[in-house]
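Engineer: take this sequence and fold it.
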Amino acid sequence: MMSKLLLLCFLFFLSCSHLLLSSSFSFSNSTKICPHGQALALLQFKQSFSIDNSSSWECDEYGGTTSYPKTEYWKEGSDCCSWDGLAIWNHPFQLNNFSLISPEISHLSNLVSLDLSWNDGAKFSPHGFDSLVQNLTKLQKLHLGGISISSVFPNSLLNRSSLISLHLSGCGLHGRFPDNDIHLPKLELLNLWGNSNLNGNFPRFSENNSLIDLDLSSTNFSGELPASLGNLKSLQTLDLSCCQFSGSIPASLENFTQITSLSLDVNHFSGKIQNVFDNLRNLILLSLSWNNFSGQIPPSIGNLTNLYGLDFSHNQLEGAIPSSVHSNSMLPNIQILYLSHNNISGMFSWNLGNDTLYRLDLSYNSISGFEMQPWKSIHILDLHSNLLQGPLPTSSNSTFFFSVSHNKLSGEISPLICKASSMGVLDLSHNNFGGMLPHCLGNFSKDISVLNLRRNQFHGTIPQTFLKGNSIKTLDFNGNQLEGLVPRSLIICKELEVLNLGNNKINDTFPHWLGALPKLQVLVLRSNHFHGQIGFSKIKSPFMSLRIIDLAHNDFEGDLPEIYLRSLKATMNIDEGNMTRKYMGDDNYQDSMMVTIKGSEIEFVKILNTFTTIDFSSNKFQGVIPECIGNLNSLRGLNLSHNYLTGYIPLSFKILKMLESLDLSSNKLSGRIPQELTILTFLEVLNLSQNHLIGFIPQGNQFQTFGNDSYYGNLGLCGFPLSKRCTTDEIPYPSQEIEAKFESGFDWKITLMGYGCGLVIGLSLGCLIFLSGKPEWLVWIIDKNIHKKIVRNKRSTRGRGARIS
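Structural biologist: Model prediction:
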């Protein structure tokens, strides 16, 4: 980015100094006098945009130049060839920082070079672009990258024999590109990148062409590549990535003897990759990824001695690497090699780029053996998801990323691995490694951020020492046979975000001191031998960043840890609308974990930064469920099953409006299911089975989707979806919490309040009667009511006597 800014400032400086460096133009402007009509057109054009004095701060900051509004010195009566900010060389024209492009610019009929590209928000006035194309007939260079044109591609542009460079990337061009032959003998550059609504077939160029750079990437061009593609013999750069092209690569590609960069990735090409690379000796970059190519890698790849980057990933290539490409001179300058997501098999012993190879990705193949080469500069080595067997390949000391996960490697981990002092990510997960872990694993690299040893057969203890000031973000030892205590030295891992010790044999109490780690987001201790009460914390606000906690299948006991539940700020009030949703990790490595839903373990291969869950299942917790859980209103999953919890389902659960999974099964909960839970419209999984719940099952919203298994084992429940019908059609009782409040004495307060009010009113009426002496209106009302009751009683008595007789 800095280099681009400096380059921009350098070009701007050249413009300010009235210089233009171009091999295409050699005519001097020392004697040029600006025509009066052209000057007036420029002055009118000046009025169509406003000046932003801060727009060139990068030049001041990084380029060492002092910027100022160049158009300030554009004045009528002076020679426009000497105006600041305008380079005149047979009328090349370039301006920066404006919004609406005035039609007046089309009056510059002698203009040969116009570059308005990448002025943010700039656009043509209605029909302005059409006028420009019609009137500027002498244009040799037209660069409008990023300018809003929103037009079809004008046919007349393809008739301008003077055109040398046409750059219309990201302009909003749409419709179909002309199908007629292109006769532009001087055209060297055609760039239509980023016009996603521009469609058509591959342009037809005549044999008499000078095209050097063709970029149709990120457009909607489609169809097969024609054999006439070979006519572009001067081509150095061809980018057709992210289009809709299909078919096979034409054999005429071998005519590209001058080409240095060829990008056909993200299309629908198929068939075998033609063995056409013998003559492409100047090729530096070759990318055919994300297509449907099949067959083997062509042997002629071995002749590309200048190749810097090769990407054949995400295809259907198969078989072993051809033996003809195993020579010592194979790709001596290669730095980037991507062959992932294919079906390449056999032994990989490709001797390439010993001094240059920087990134090698062979993941997601069927490679059974790997011979490590003496790569001196290898930075990223990704071999995961293959069929590798045998001991762990030794990584280079320069390696930063090393992954062999999801293979069949075995044996012990040699302490020699700790010599890789530049290691940042070490992923040995999902293999058959065994033995004890080298003690140096915790402190061999100050740059280590990920150490993943999940799903192996390691035993012994976790490394006890970690470097002070380390960069560790992820420690994943899940699924081994590790034992002992949780290392207290983890307290110095201030960058730790994920600690996964699940499915081991660790015998310890709850590591409350981990609550002091400021960035800890994921804590998994499931399926170990943790025991005792979780108790209280001396830390004022423990686990402030924790949003995923899994303590399932241990021997914790006592009440649920209310003090910790109140501190989980990362599960409260998450505003997903104003945060960037992303996965934990980076481009090279992403964290994963197992989540138990309805008794089944589901692997989350990526963890969203908005995902939150609590799993305290299969322990010995007792007592009531704390009301404070309702404060965790961004919680997605809650599993308290298989404990000894009693009391009611808290009414505060109605606040958990993001909840997707709730499992309270196999406890001793009683009372009714709160009707208020029906407002949890995100709830997909509900399990309340094997409790002592009674009464009506709430109806409405998500509760209409739950089956019998959600309520099995609660003999007192009735209503849909159970076959047991309720005995009355009454509205379900109020929640038990409201009833409990009355039972605890709250109804006596209301009674006493009513009694007091009645007493005051009664005394007041008594005083009124006493002072006024029997008010007639009150006596009349009382006498009338007494008379009605006497008459009603007499009729009732006569009626009963008649029925008896």
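Engineer: where do the strands sit along the stretch 451-600 of the chain?
Structural biologist: Assigned by DSSP state E, counting those that start in this stretch, the strands in the stretch 451-600 of the chain fall at 457-461, 474-476, 481-484, 498-500, 505-506, 522-524, 531-533, 548-550, 555-559, 593-597, 600-604.
Engineer: which among those strands is found nearest to Pro332?
Structural biologist: Closest approach to Pro332 among the strands of the stretch 451-600 of the chain (Cβ to Cβ): strand 474-476, 36.5 Å. Where C-beta positions appear, they are placed from N, C-alpha and C, glycine not excepted.
Engineer: which other residues reach that closest one?
Structural biologist: Outside strand 474-476, the residues that touch it by Cβ atoms under 8 Å, 6 or more residues apart in numbering are 429, 449-454, 490, 493, 496-500, 585, 589, 591.
Engineer: what's the first-to-last distance across stretch 274-290?
Structural biologist: End-to-end distance of stretch 274-290: 17 Å, with Cα to Cα, to the nearest Å as the criterion.
Engineer: I'd like the average pLDDT over it.
Structural biologist: Averaged across stretch 274-290, pLDDT comes to 93.
Engineer: off-centre distance for that stretch?
Structural biologist: Using Cα atoms, centre = their mean, to the nearest Å, the distance from the centre of stretch 274-290 to the centre of the chain it belongs to is 33 Å.
Engineer: could I get the buried residue list for that stretch?
Structural biologist: Buried residues in stretch 274-290, counted by 16 or more other Cβ atoms under 10 Å: 274, 276-277, 280, 282-290.
Engineer: can you check stretch 639-653 too?
Structural biologist: So, applying 16+ other Cβ under 10 Å, buried residues of stretch 639-653: 639-643, 645, 647-653.
Engineer: turn those into TSV, including pLDDT.
Structural biologist: Output for the buried residues of stretch 639-653, formatted as TSV (pLDDT from 0 to 100):
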residue	pLDDT
Asn639	96
Leu640	97
Ser641	96
His642	97
Asn643	97
Leu645	97
Gly647	96
Tyr648	96
Ile649	96
Pro650	95
Leu651	95
Ser652	94
Phe653	95
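Engineer: helix, strand, or coil at the nearest residue to Lys654 once chain neighbours are set aside?
Structural biologist: Excluding its sequence neighbours, the residue lying closest to Lys654 (Cβ to Cβ, 6 or more residues apart in numbering) is Glu676, at 4.0 Å. Per DSSP: H, G, I helix; E, B strand; the rest coil, the secondary structure class of Glu676 is helix.
Engineer: again, but for the one 10 residues further on
Structural biologist: Classification of Leu686 using three-state DSSP returns strand.
Engineer: residues near it, how many?
Structural biologist: Residues lying near Leu686 (other Cβ atoms under 10 Å) number 24.
Engineer: dump the residue contacts of it.
Structural biologist: Ser661, Leu662, Asp663, Gln702, Phe703, Phe706, Ser710.
Engineer: ok but Leu43 is inside a helix, no?
Structural biologist: Yes - Leu43 forms part of a helix when assessed by three-state DSSP.
Engineer: can you count the residues close to it?
Structural biologist: 16.
Engineer: same thing with Glu576?
Structural biologist: 12.
Engineer: what's the closest non-adjacent residue to the most centrally placed residue in the chain?
Structural biologist: By Cα atoms, centre = their mean, the mean C-alpha position of the chain lies nearest to Lys582, the distance being 3.4 Å. Excluding the flanking residues, the one nearest Lys582 by Cβ to Cβ, 6+ apart is Asn609, at 5.5 Å.
Engineer: and for that neighbour, the neighbour number?
Structural biologist: The number of residues near Asn609, taken as other Cβ under 10 Å, comes to 16.
Engineer: check Asn209 too.
Structural biologist: Neighbours around Asn209, by other Cβ under 10 Å: 19.
Engineer: which residues of the stretch 601-750 of the chain fall in strands?
Structural biologist: Assigned by DSSP E, counting those that start in this stretch, the stretch 601-750 of the chain shows strands spanning 613-615, 620-624, 637-639, 644-647, 661-663, 668-671, 685-687, 692-696, 716-718.
Engineer: which one of these lies closest to Ile336?
Structural biologist: strand 613-615 (38.5 Å).
Engineer: which other residues reach that closest one?
Structural biologist: 526, 547-552, 568, 571, 595-596, 632, 635-639, 661.
Engineer: quick one: distance of it to the chain centre.
Structural biologist: Counting by Cα atoms, centre = their mean, strand 613-615 comes out at 22 Å from the chain centroid.
Engineer: so what are the sheet partners of that strand and their directions?
Structural biologist: Strand 613-615 has the following sheet partners, assigned by DSSP bridges: strand 548-550 (parallel), strand 637-639 (parallel).
Engineer: what's the most buried one of those?
Structural biologist: strand 548-550 (a mean of 24; mean count of other Cβ atoms under 10 Å).
Engineer: residues touching that strand, excluding its own?
Structural biologist: 502, 521-526, 543, 568, 593, 607, 611-615.
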